[in-house]
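Peer 1: what follows is a predicted protein model with its sequence.
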Amino acid sequence: MGNGGSSLTDLNLFSKSGVFTREQLDEYQDCTFFTRKDIIRLYRRFHGLNPQKVPTTMQGPTTQMIVLTFEEIEKMPELKENPFRRRICEVFSEDGTANLSFDSFLDMFSVLSEMAPLQLKLKYAFRIYDYDGDEYLGHDDLSQMIRSLTRDELSDEEVEFIIERIIEGSGI
């Protein structure tokens, strides 16, 4: 047990019965800011969110159809208390529903990781706050941001007051 063997060998990544093929891991590594070990660790977390739905091997074309619901994903400690958790998942989901495939899950963690460049993080942060997708942060976007931050506990008048102050303060 652990006496000299590499962690890649211990994880049994490249055998026919491994979680991913070598090609899949190479592709994931090329498209993210993660090592093979990180990818396997994130797969285990994805699998742990619904072990009945997520198979123990992700080889083959049908694995692309495995999607966890937002309700399953939002239980993760990184998202549980985040007022923007639904919006974050919507931005990273392939169809905007907040449900995530493993690829989308991996993309989300990659962009939010310490290794991702600031420009990429800023691009996605903007998309998260641009609720209407018009590439501007307007009145409706600010309203939805405020409602998310305050857990929808403010009246319409209070939200409007805050938006007016933000716009005043920005010099727009």
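Peer 2: Yes, it's here.
Peer 1: the closest residue to residue 107 other than its chain neighbours: what's it in contact with?
Peer 2: Counting by Cβ to Cβ, 6 or more residues apart in numbering, residue 107 lies nearest to residue 92, which is 5.8 Å off, once chain neighbours are set aside. Bear in mind the C-beta positions are built from the backbone N, C-alpha and C, glycine included. Counting by Cβ atoms under 8 Å, 6 or more residues apart in numbering, residue 92 touches 100, 104, 105, 107, 108, 111.
Peer 1: tell me the one of those residues nearest residue 120?
Peer 2: Among those, residue 111 lies closest to residue 120 (Cβ to Cβ), at 5.9 Å.
Peer 1: quick check: which ranges of this protein have low pLDDT?
Peer 2: Along the chain, the model assigns pLDDT under 70 to residues 1-17, 172.
Peer 1: excluding its backbone neighbours, what's nearest the residue nearest to the spatial centre of it?
Peer 2: Central residue of the chain (Cα atoms, centre = their mean): residue 108, 2.8 Å from the mean position. Leaving aside its sequence neighbours, residue 108 sits nearest to residue 92 (Cβ to Cβ, 6+ apart; 4.1 Å).
Peer 1: check which helices and strands the strand or helix carrying the residue nearest to the centre of the chain sits against.
Peer 2: Here residue 108, judged by DSSP states H and E, is contained in helix 102-111. In this structure, helix 102-111 packs against helix 22-31, helix 36-49, helix 85-92, helix 118-129, with contacts taken as 3 or more Cβ pairs under 8 Å, 6 or more residues apart in numbering; DSSP states H and E.
Peer 1: between the ones you listed, which one is closest to residue 170.
Peer 2: helix 118-129 (13.8 Å).
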